[in-house]
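Q: I would like to see how this sequence folds:
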Amino acid sequence: MDTNHTSLLDLLPSADELLARRAEIVRHLTPLRAKYGGQGYMGERVFKAEEAKVDAVVRAALKAEGGKVTEPMVDALVRTHPAYMEAITADLKARAEWIGHEEALNEIEWRLNVRRSDAALLAAEARLTPGA
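A: This is a model prediction of the structure:
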């Protein structure tokens, strides 16, 4: 063990460093929680709005061509439209980013709890150590 350290806690990231990391993660996480948290209602609404835009474009194109326009025809063309594919890809990337930030936040919270526990144990050990 490095003798330059006065405590095992000195080997760990400081509480201030952990709190700064936590604040950074939360800053990135906040808009994602607003969009996808709480059952993902807003994220679903945003995606449905994009889907509706693509639906309108597809319907207009089919009507311009003439002939009968059926719902299965529109649905199939919407699901393969480049704008729909772009929207679904962007949504999946944002959801993956959200989950990554949640996991990073969980790790920081865990580290803060470990730091508190270690500090309490070291304090108790110091009280029990003769001559300390």
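Q: alpha carbons only for contacts and neighbour counts from here, please
A: Will do.
Q: just checking, what packs against the helix or strand bottoming out on mean pLDDT in the chain?
A: The helix or strand of the chain with the poorest confidence is helix 82-128; it has a mean of 89 (mean pLDDT, DSSP states H and E). Identification of packing neighbours for helix 82-128 by 3 or more CA pairs under 8 Å, 6 or more residues apart in numbering; DSSP states H and E yields helix 15-36, helix 41-65.
Q: distance of the residue minimising distance to the centre of the chain from Leu19?
A: The centroid of the chain falls nearest to Trp98 when counting by CA atoms, centre = their mean (1.4 Å). Trp98 sits 19 Å away from Leu19, taking CA to CA, to the nearest Å as the criterion.
Q: what's the answer for Leu112, then?
A: Counting by CA to CA, the gap from Leu112 to Leu19 is 8 Å.
Q: looking at those two, which one has more neighbours?
A: Leu112 (19 against 15; other CA atoms under 10 Å).
Q: I appreciate the help and will end here.
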